[in-house]
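J.: below are the sequence and a predicted model for it; my questions follow.
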Amino acid sequence: MIVGAAMLQAVNEAAEGVLVLIDGLEEADFRRSRLTRAEVRRQLRLMADLLLGLPPDLRASLPEIDWAGWQAIVRSLGGSGAGDDDAPWFAARSLVPATLSWLRVYRREQPALFAYTA
């Protein structure tokens with residue numbers, strides 16, 4: 001369970017990082033900012049890899065997480081065309097806050113999932 005707790009903590013930290021990066025940004029600003037876009041994409045990829053890499057039993061304990069949405073983000077982050085900013089912007093504005101909210105609920109309701117004990 002220690003590995004799962006560490007992975008969930010890393011997801012939480014990446015999610016908060018995304019929210020800081022986009023705080024106060026409009027979509028047009030996001031599209032213009034090459035550095036912000038790149039870092040948001042990196043954090044989203046980290047989140048997706050961590051979430052989708054969770055052990056199956058831990059994933060089953062988090063049913064409200066949008067697993068299909070995170071799988072779609074992984075696919076979308078592989079592209080590099082101009083239209084490829086739609087999915088990261090959507091994820092940063094919708095998927096990340098929803099995931100972070102659900103992690104807070106799960107931390108409150110199932111604290112053992114987030115504990116660093118064996």
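T.: In hand now; what should we look at? Here the structure is a predicted model, which means the values were calculated and not measured. Residues are numbered from 1 along each chain as shown.

J.: from now on I want contacts and neighbour counts done on CA atoms only, so please keep to that.
T.: Fine.

J.: run a quick neighbour tally on Met47.
T.: By other CA atoms under 10 Å, 26 other residues sit near Met47.

J.: contacting residues for it?
T.: Ala10, Val11, Ala14, Ala15 (CA atoms under 8 Å, 6 or more residues apart in numbering).

J.: for Pro55, same thing?
T.: Per CA under 8 Å, 6+ apart, neighbours of Pro55: Gly4.

J.: look up how far Leu113 lies from it.
T.: Using CA to CA, to the nearest Å, Pro55 is found at 12 Å from Leu113.

J.: quick check, central residue of the protein?
T.: Met47 (3.9 Å; CA atoms, centre = their mean).

J.: got a pLDDT number for it?
T.: We have a pLDDT of 97 for Met47.

J.: reformat the contacts of Met47 as TSV; add distance to Tyr106 and neighbour count.
T.: As requested, the contacts of Met47 are exported to TSV (distance: CA to CA, whole Å; neighbours: other CA atoms under 10 Å):
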residue	distance to Tyr106	neighbour count
Ala10	15	16
Val11	13	24
Ala14	17	23
Ala15	15	24
